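A.B. asks: pasting the sequence and the predicted model now:
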Amino acid sequence: MSNMKIGVEVVSAHDLAPKDGQGSANPCVELKFDNQKFRTTIKEKDLNPQWNEQFYFNISDPSSLPNLSLEAYIYHINRNTNSKTLIGKVPISGTSFVPLSEATALHYPLEKPHIFSRTRGELCLKVFLTENPSTSPYNPLPDLDPFPSNTLHGQAYQSEPEISSPNSTSAQFKEKRTDSTHTFNHLPREQTVNFAANEMSSGAPRDVRVLSSMSQQPIEYQLKETSPSLGGGQVVGANTYNLVEKVEYLFVRVAKARELPKKNITGSIDPYVEVRLGNYKGTTKHFDNNQNPEWDEVFAFSRELIQSSFIEVFVKDKDVLKDDFIGMIRFDLHDIPRRTPPDSPLAPEWHWLAGKKGEKIKGEIMLAIWFGTQADECFPIAVISDAVAPGVLFPNSEIRSKVYHAPRLWYLRVDIIEAQDIIISEKSRIPDVFVKCQLGNQVLKTKQIQAGTVSPVWNEDHIFVAAEPFDEPLILSVLDRVNPNKEESIGRVQIHLGSVEKRIEDRVINSRWYSLEKHGVAEEEHSKKDKFSSRIHVRVCLDGGYHVLDESTYYSSDLRPSAKQLWKPSIGVLEVGILNVEGLHPTKTRDGKGTCDTYCVAKYGQKWVRTRTIINSLSPKYNEQYTWEVYDHATILTVAVFDNCQLEKASVGIKDARIGKVRIRLSTLEAGRVYTHSYPLLILHNSGLKKMGELHLAVRFSSASMLNAMLVYSKPMLPKMHYIRPLSMTHIDLLRNQAVQIIAARLSRMEPPLRKEIIEYMSDVESHLWSMRKSKANFFRLVSVFSSFFTIVKWFSDVSWWKNPVTTVLVHILLVMLVCFPELILTTIFLYFFLIGIWNYRYRPRHPPHMDTRISCADTAHPDELDEEFDTFPTSRSSDIVRMRYDRLRSVAGRIQTVVGDIATQGERMQALLSWRDPRATVIGLIFCLGAAMALYVIPFSVVVVACGFYMMRHPRFRSKLPSAPINFFRRLPARTDLLL
């Protein structure tokens, strides 16, 4: 036998005809050459299969090669009936065989098996001559039926070598067959496909949509459902503090002391109290020279951390070198009472102080001590032991929990109408007058008017953001621009906002004249010249009919107007239990160990909450519960975790570090259900996406009335003033930034402060900045929105091309029915939507949505794109990097420009149809319009619709691959592209 062999690589097939009656086929390729036969693997349910399998045929007589031919047959395998159906064949003459170095993959159109059959599609083969095949050659198989009845879906390709070979095949042949590239490369992939097919076709459908969006993400970024013991194992709803795990604390309330003995030589005493329990201790503030101090401070010690059988309370005198002992009192923990709300608070009692030896000494201290839980009223103001490490002292103001209420914001509308009797220093010069309006840090200016008279007119409307209480006045200054670098004050007026009229609807506010005061002029002199002073005519009001947007419009947590008179009753209550954070990454080093000092901030509406700071813990437990009233469930709850960087002495100017953020849309929650999930805390850095830990939350939305909750969907989201007198998007963005700055300034002055970086992170102030990653994400979101439309178009294309004849015939029947009974069209559509919704109920989401790294393109973003996203504004990068990014942006914009131009071209062609820009095309169009009008007048409309539908779904035998005449006509119409430079 010669060493010359014929190599055949079966690459793929395209657009095969369906054969299984369900619009698909199970194709395989059978190769025949010189009494030898090979067969590829079977592709389940695939009309465009990919094989990439190689076979080698022996050539018995190379001299007779031109007289031989290679034949490739594509069969559809029916495993139910153990039969095969020929889809098409490809004959290749031996004269076309070329060496391996010259061979390329060619697409061969399939030939009909016989004259009356129908076929379509192409088969891609690579045929070549070789003497040294890269793989062990397959021995030819006899002409046997390779599809026995015992072949299973999951074992088809594993058993093929034994099935296809005769009984006399030797063990050596089997070994070669197993070691071939054919079996090694394609067996795993085919098993995977078969497994998926079996899963889809077996039994009842499984609820896989619940995690369909999350399954695309890595496991570490997925939302996890948990089952914590809420409320200490009690039935949820039995008390008001049931969304957190019950934690017991020992509370010590230090009220005051009296008649303390003096210890210093000077006869003074600076007392303070130290509460000690094992290794933990709490210290009150000290008073200077006070024998009867009043502290009223509370300490709470977690019962899990108690390692002592008694608690000691020391009264000490603050001194420079060493604090002096005054007295103490000791309590046995077994004698301490237990209190659970709503029990009445435990009244403090007076206790005599004892000396070091237990003797009674002068002085008394008032204390209350009891066992309770975090539901106790004193818990928010207490110094918590599990928030501070043993022996570590931090300022109490920086670690305790706090509830904040953001100030109520109003829009201040200032209409600058005109000014009168403007007097300038230089009489010969024409004044260039403008008005500067200032409210706090907000400054707006009118346009400059070169007034030929002393009464310039502006009629300009300006809007500011004002916060209650209205402490800051509105200052209107009339200025004259003398030169580009100099302004001269003509006069100014201060308007206190407490005297400004408020309105809740679009009604006209009376304007007022204000006398301008010359800055620096004495009051007596001004009163003398009052009747000759300049005046300004303005209209000022506080618009309470708007909602002042301080958040991104997509993440709003409150949509109520500023005026309380317009507030609607609440529709429910939102309860949030902040349980714990797990798996934190160290953010700092203390005592040679990596650690983290974290706290959580939750925001909904005007109410902000901050949990206590847990010191030196990578798995902090908070177990704090908070409640909000809900007025609209199309709102967002935001919870973020921060690392407290204000505890060290050298922490001045250091910002609290972001750890992660969670958003929960209330409309996605079922009323009355408790959602307990562990949310991954994801943060995006210049280096990429990073998981910082997991935040464990328990959330419950309770609706008082289901009917009221349903009625909210029919009402406008924003107050009606946003629709009657809308603000421009530019105005809204500027005012939103001002609102965030005002809230940050107010909350940062509270104790403990909510710092500016926290407010900005929670309010997404940087959401409008350019990001290539966000642009890609939004583009893919747009593609996903239109994917349903594209699916319908593809389905109709398959129907039109008769890929599934049964479906196409049914569509023809449906078209005729809808044309004959047009009143059923809308009924059918809405009934279809109803049935789809009912069917999807079983697959409804069971978990609240969470940030998706795939949708956000966070896990695939290029490092330079992330570096650009976190760049400052204006940029702080080098000129070379900025030039590279600019060129990249130009490239992207160029592609967008091309797409926009193509869309505009199609529209311009439609406009040019009757414009006589192309006289011949317009004549053709007019003739068609006239003929269509006459035909539609004579022929019933229903007949026209049926005829058009049947024409669009005509059989492929009556189709051509060339474009139709209307498309050719439309593409020849002129557009304005010829006019572009």
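C.D. replies: Done, it's in. For clarity, every value in this text was computed on a predicted model and none was experimentally measured.

A.B. asks: quick check: phi and psi at Lys112.
C.D. replies: phi -70, psi 140 (degrees, to the nearest 10).

A.B. asks: chain neighbours aside, what residue packs nearest to it?
C.D. replies: Counting by C-beta to C-beta, 6 or more residues apart in numbering, Thr119 is the residue found nearest to Lys112 once chain neighbours are left out, at 5.0 Å. C-beta: built from backbone N, CA, C; applies to glycine.

A.B. asks: low pLDDT regions in the protein?
C.D. replies: Scanning the chain for pLDDT under 70 picks out 1-2, 114-117, 132-216, 232-240, 264-266, 386-397, 451-452, 519-532, 649-651.

A.B. asks: could you point out which element follows the helix ranked longest in it?
C.D. replies: In the chain, with assignment by DSSP state H, the single longest helix is helix 879-912. As assigned by DSSP states H and E, the chain's next helix or strand after helix 879-912 is helix 919-938.

A.B. asks: what angle sits between that following helix and helix 879-912?
C.D. replies: Computed by axes from the mean of the first three to the mean of the last three C-alpha atoms, to 10 degrees, the angle separating helix 919-938 from helix 879-912 equals 60 degrees.

A.B. asks: quick one: secondary structure of the residue nearest to Lys112?
C.D. replies: coil (DSSP: H, G, I helix; E, B strand; the rest coil).

A.B. asks: just give the number of residues close to it.
C.D. replies: Thr119 has 17 neighbouring residues, counting by other C-beta atoms under 10 Å.

A.B. asks: before we move on, the earlier item: other SSEs contacting the longest helix of the chain?
C.D. replies: Using 3 or more C-beta pairs under 8 Å, 6 or more residues apart in numbering; DSSP states H and E, the elements in contact with helix 879-912 are helix 772-785, helix 863-869.

A.B. asks: any residues touching the shortest one, and which ones?
C.D. replies: So the one you mean is helix 863-869. 684-688, 769-774, 877, 881, 884-885 (C-beta atoms under 8 Å, 6 or more residues apart in numbering).

A.B. asks: from those, keep the buried residues only.
C.D. replies: The neighbour-count test (16 or more other C-beta atoms under 10 Å) marks Leu684, Ser771, Met772, Arg773, Lys774, Arg885 as buried among the contacts of helix 863-869.

A.B. asks: show me the contacts for the residue nearest the centre of the chain.
C.D. replies: By C-alpha atoms, centre = their mean, the mean C-alpha position of the chain lies nearest to Met851, the distance being 4.7 Å. If you count contacts by C-beta under 8 Å, 6+ apart, Met851 has them with Val662, Arg663, Leu682.

A.B. asks: quick one: the closest residue to Ser800 other than its chain neighbours and Pro974, what's the gap?
C.D. replies: In space, and not counting its chain neighbours, Ser800 is closest to Met953: 4.8 Å by C-beta to C-beta, 6+ apart. For Met953, the distance to Pro974 (C-beta to C-beta, to the nearest Å) stands at 33 Å.

A.B. asks: now the residue nearest to the centre of the chain: which helix or strand?
C.D. replies: Under DSSP H and E, no helix or strand contains Met851.

A.B. asks: can I get the helices and strands packed on helix 879-912 in a markdown table including distance to Pro342?
C.D. replies: Output for these, formatted as a markdown table (distance: least, C-beta to C-beta, whole Å):
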| stretch | distance to Pro342 |
| --- | --- |
| helix 772-785 | 49 |
| helix 863-869 | 51 |
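
A.B. asks: out of those, which is the most enclosed?
C.D. replies: Ranked by mean neighbour count, these are led by helix 863-869 with a mean of 17 (mean count of other C-beta atoms under 10 Å).

A.B. asks: now that helix - C-alpha only, CSV.
C.D. replies: The C-alpha trace of helix 863-869 is given here as CSV (Å, rounded to 0.1, in the frame of the first residue of the first chain):
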residue,chain,number,x,y,z
PRO,A,863,-7.0,49.1,33.2
ASP,A,864,-6.5,52.3,31.2
GLU,A,865,-10.3,52.8,30.9
LEU,A,866,-10.5,52.5,34.7
ASP,A,867,-7.7,54.9,35.2
GLU,A,868,-9.5,57.4,32.9
GLU,A,869,-12.7,56.9,34.9
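
A.B. asks: for the residue nearest to Lys112, phi and psi?
C.D. replies: For Thr119, the backbone dihedrals (degrees, to the nearest 10) come out as phi -150, psi 170.

A.B. asks: hmm, Pro18 and it touching each other?
C.D. replies: No: checked against C-beta atoms under 8 Å, the pair Thr119 and Pro18 is beyond contact range at 11.5 Å.

A.B. asks: wait, isn't Ala739 in contact with Trp410?
C.D. replies: No: the pair Ala739 / Trp410 is not scored as a contact, 10.2 Å apart, by C-beta under 8 Å.

A.B. asks: distance of the nearest residue to Val630 once chain neighbours are set aside relative to Ser702?
C.D. replies: Using C-beta to C-beta, 6+ apart and skipping residues adjacent in sequence, the residue nearest Val630 is Gly572, 4.5 Å away. Applying C-beta to C-beta, the value for Gly572 to Ser702 is 5 Å.

A.B. asks: who has more neighbours out of those two?
C.D. replies: Neighbour count, other C-beta under 10 Å: between Gly572 and Ser702, Gly572 has more, with 24 against 16.

A.B. asks: tell me the spacing between the more buried one and Met706.
C.D. replies: According to C-beta to C-beta, Gly572 and Met706 sit 10 Å apart.

A.B. asks: common neighbours of these two, please.
C.D. replies: With C-beta under 8 Å, 6+ apart, Gly572 and Met706 have common neighbours Ala671.

A.B. asks: ok, Arg917 touching Arg972?
C.D. replies: No: taking contacts as C-beta under 8 Å, Arg917 lies outside contact range of Arg972: 11.8 Å.

A.B. asks: of these two, which one has the most company?
C.D. replies: Taking neighbours as other C-beta under 10 Å, Arg917 and Arg972 compare with Arg917 leading, 16 against 12.

A.B. asks: next one: the more buried one from Leu682, what distance?
C.D. replies: Taken as C-beta to C-beta, the span from Arg917 to Leu682 is 56 Å.

A.B. asks: go on, Pro271?
C.D. replies: 50 Å.

A.B. asks: ok, now Tyr599?
C.D. replies: Applying C-beta to C-beta, the value for Tyr599 to Leu682 is 19 Å.

A.B. asks: between those two, which one's more packed in?
C.D. replies: Taking neighbours as other C-beta under 10 Å, Tyr599 and Leu682 compare with Tyr599 leading, 28 against 23.

A.B. asks: which helix or which strand is home to that one?
C.D. replies: Going by DSSP H and E, Tyr599 is in strand 598-604.

A.B. asks: what's the helix or strand Ile743 falls within packed up against?
C.D. replies: Assigned by DSSP H and E, Ile743 belongs to helix 729-747. Helix 729-747 sits against strand 409-420, strand 457-467, helix 756-763, with contacts defined as 3+ C-beta pairs under 8 Å, 6+ apart.

A.B. asks: just the buried positions in it, please.
C.D. replies: Across helix 729-747, burial judged by 16+ other C-beta under 10 Å covers 732, 734-744, 746-747.

A.B. asks: which outside residues touch that helix?
C.D. replies: Residues outside helix 729-747 that contact it (C-beta under 8 Å, 6+ apart) are 404, 406-407, 409, 411, 440-442, 463-465, 467, 548-551, 608, 727, 753-756, 759-760, 763, 765, 768.

A.B. asks: quickly list what Cys124 is bridged to.
C.D. replies: Counting by DSSP bridges, Cys124 forms beta bridges with Ser12, His107.

A.B. asks: pretty sure it sits against Leu106.
C.D. replies: Yes: between Cys124 and Leu106 there is a contact under C-beta under 8 Å: 7.1 Å.

A.B. asks: give me the more crowded residue out of these two.
C.D. replies: For Cys124 and Leu106, the more surrounded residue by other C-beta under 10 Å is Cys124, and the numbers stand at 18 against 15.

A.B. asks: ok, that one - contacts?
C.D. replies: Counting by C-beta under 8 Å, 6+ apart, Cys124 makes contact with Val10, Val11, Ser12, Ala13, His14, Ala105, Leu106, His107, Tyr108.
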